[in-house]
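Visitor: got a predicted structure here, sequence first:
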Amino acid sequence: MKTVRLTHDYPVAPERLWALATDYDALARVMEGVVTFEGLPEGRVREGQKIDVMVSLFGRLPKQPYRMEVLECDDDRMVLRSSEKGAGVKAWRHTMRVTPTAQGSRLTDRIEIEAGLLTGLFALWARYLYGARHKPRLRLLEEGAF
């Protein structure tokens, strides 16, 4: 198993960042060009959700089934934990936290990945995937979408 950690800072109140980071429409928008989703629910992430979607990398590779279970979505503590699998991954455990900073807020992602011999490759993908969300999130926040 490999663990990937990423941290990104945003010049907005933690509540705004949390609202953006836990919204499925925003997820689809920040992932445009990287991952396309078929069957993504509307609205916000809710604890206890079990989501089955089809994902396509870069909108060009064949669609693959992917399952996510939301283990925790705590609006007060601004913590999201999910257990995911599919598209070649045996286990993908994601913990996201939003915390206040002097300049706004910080989003921290921690992803634990198990994919057999391909674990290292999936860890590199996770680093790219979660890093690619930063600039589109900034853009959405600047536009006042959240």
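Guide: Structure's in. What do you need? Numbering: from 1, shown residues only.

Visitor: packing partners for the helix or strand encompassing residue 71?
Guide: Assigned by DSSP states H and E, residue 71 belongs to strand 64-74. With contacts taken as 3 or more Cβ pairs under 8 Å, 6 or more residues apart in numbering; DSSP states H and E, strand 64-74 sits against strand 50-57, strand 79-86. Quick note: C-beta positions are derived from backbone N, CA and C, even for glycine.

Visitor: partners of the first one, with directions?
Guide: The reference is to strand 50-57. As defined by DSSP bridges, the strand partners of strand 50-57 come to strand 35-38 (antiparallel), strand 64-74 (antiparallel).

Visitor: before we move on, what about the last one?
Guide: Each strand that pairs with strand 79-86, with its direction, by DSSP bridges: strand 64-74 (antiparallel), strand 89-101 (antiparallel).

Visitor: ok, back up a step: for the helices and strands packed on strand 64-74, which one ends up most surrounded?
Guide: strand 79-86 (a mean of 18; mean count of other Cβ atoms under 10 Å).

Visitor: could I get the buried residue list for stretch 66-75?
Guide: Neighbour-count burial for stretch 66-75, counted by 16 or more other Cβ atoms under 10 Å, picks out 66, 68, 70, 73.

Visitor: now do the third one against residue 55, distance only.
Guide: Using Cβ to Cβ, to the nearest Å, one gets 17 Å for the distance from residue 70 to residue 55.
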